[in-house]
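Engineer: Here's my sequence, what's the structure:
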Amino acid sequence: MKHNWIFTVLIPKVKFGFNSVKVLKHTLILTLLVINSLISASNVLIAQQVNISGRVTSNDGEPIIGATVFVKGTTLGTLTDINGRYQLNNIPSNATLVFSFVGMSSEEIDVNGRTVVDAVLTEETIGLEEVVVVGYGSQKKESVVGAISQLSTEEILNSPAANITQAISGKISDVITSQGSGTPGADNAKIYIRGRATFAGDGQPLVLVDGVEREFSQLAPDDIQSISILKDASATAVYGVRGANGVILVTTKRGHDRKPEVSLTTNWQIQMPTRLDTYLNSYQSVLLLEEALSNNNLPSQFSASDIEMYRKSSAGELSGVDAMLYPDVDWYKTILRRSAPAQRYNVNIQGGTQRMRYFASGEY
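Structural biologist: Just a heads-up that it's a prediction; the model follows:
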């Protein structure tokens, strides 16, 4: 590209003498230096702008249609055509081009003064190779169209609960767990998928452990490989009416073709209630009972002296036989402790050969 530069130099009107010639000489030199600097700067600016073209392809060499190509840090960009080619004009020679496409990893390539910049985009494989257990086997996560959620063994072990029904609480969407009893040993929680489907029946989902229908609450967390929750009709269709409330598929761990591997897991924790209920003492209970009897015009059950003795008992002023006749006992403090320790130990060994594989575990 040819540029014509026209400069006009204004020279002040002066009387020519020795000093005037000297000033004029300096003015001309300074003006020439400024003109030379402007021309050099313009040439540098012109040299920094380049036209870039190229082709965007996939790993197998196929052109990518509609890929985005833009200059990093700017809004200047374009899309590739049907042949995967693009063209960008007046791009800084030190710019960085960003290539992106849906389902593929983005690439950033420095121009470094080049006029042809090609890019190869790779598929975004994060999460696509995960295997999901379904009713008739297993599929890749990308090919599953039903509503299925999965819980891995790492997520299960992050919960300190020894019961699996409690360990999945709050970890899977659309799954609700409800524990209706605090009796020691009766810690199995009821599981509802997408709410309770019926009030007349049980409403519990179908649970299969390695394809066999059974309870899974007492399985050791270290023995479970994954838990899949089948929620909608398309995912549970293979089970018919038995899967009306959802299906829980539990897959246990298997041995592998490798040398024997021993794993030991220990867990020790201390449990304590976050909040305790507040109850009335014996004196307050007697007063409320007498008030209720009076409101219903019923005879009193306690005399004034008895009520006074209960007051003294609640205040800790009685002892001996009187304290036994007018008791005031907080059974929570008497029977239960403020905290309780819990511990769990699991050891397993796995391995195998090409002909035989094994996985054995024990838990306390």
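Engineer: all strands of the stretch 51-200 of the chain, in order?
Structural biologist: 68-71, 77-79, 85-92, 96-100, 107-110, 119-120, 131-134, 137-140, 148-152, 175-178, 190-193 (DSSP state E, counting those that start in this stretch).
Engineer: Could you say which one of those comes nearest to residue 62?
Structural biologist: Among those, the nearest to residue 62 by C-beta to C-beta is strand 119-120 (10.5 Å). Where C-beta positions appear, they are placed from N, C-alpha and C, glycine not excepted.
Engineer: who does that closest one pair up with?
Structural biologist: Taking DSSP bridges as the criterion, strand 119-120 sits next to strand 49-57 (parallel) in its sheet.
Engineer: before we move on, the earlier item: could you redo the strands of the stretch 51-200 of the chain as CSV and give each row distance to residue 306 and mean neighbour count?
Structural biologist: Shown next, in CSV, are those (distance: least, C-beta to C-beta, whole Å; neighbours: other C-beta atoms under 10 Å):
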stretch, distance to residue 306, mean neighbour count
strand 68-71, 87, 19
strand 77-79, 90, 14
strand 85-92, 96, 15
strand 96-100, 84, 19
strand 107-110, 87, 14
strand 119-120, 93, 19
strand 131-134, 67, 18
strand 137-140, 72, 12
strand 148-152, 59, 18
strand 175-178, 43, 16
strand 190-193, 45, 20
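Engineer: Next, format these as TSV and append distance to residue 295 and mean pLDDT.
Structural biologist: Formatted as TSV, those follow (distance: least, C-beta to C-beta, whole Å; pLDDT from 0 to 100):
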stretch	distance to residue 295	mean pLDDT
strand 68-71	78	91
strand 77-79	81	90
strand 85-92	88	91
strand 96-100	77	92
strand 107-110	81	92
strand 119-120	86	92
strand 131-134	63	54
strand 137-140	67	52
strand 148-152	55	77
strand 175-178	37	81
strand 190-193	40	82
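Engineer: and those strands as TSV, adding distance to residue 337?
Structural biologist: What follows is these, written out as TSV (distance: least, C-beta to C-beta, whole Å):
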stretch	distance to residue 337
strand 68-71	64
strand 77-79	67
strand 85-92	72
strand 96-100	60
strand 107-110	61
strand 119-120	66
strand 131-134	42
strand 137-140	46
strand 148-152	33
strand 175-178	26
strand 190-193	28
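Engineer: Residue 59: which of those strands is closest?
Structural biologist: Here strand 119-120 is closest among the strands of the stretch 51-200 of the chain (C-beta to C-beta), at 6.6 Å.
Engineer: Show me what the closest one is in contact with.
Structural biologist: 54, 55, 56, 57, 58, 59, 69, 97, 99, 107, 109 (C-beta atoms under 8 Å, 6 or more residues apart in numbering).
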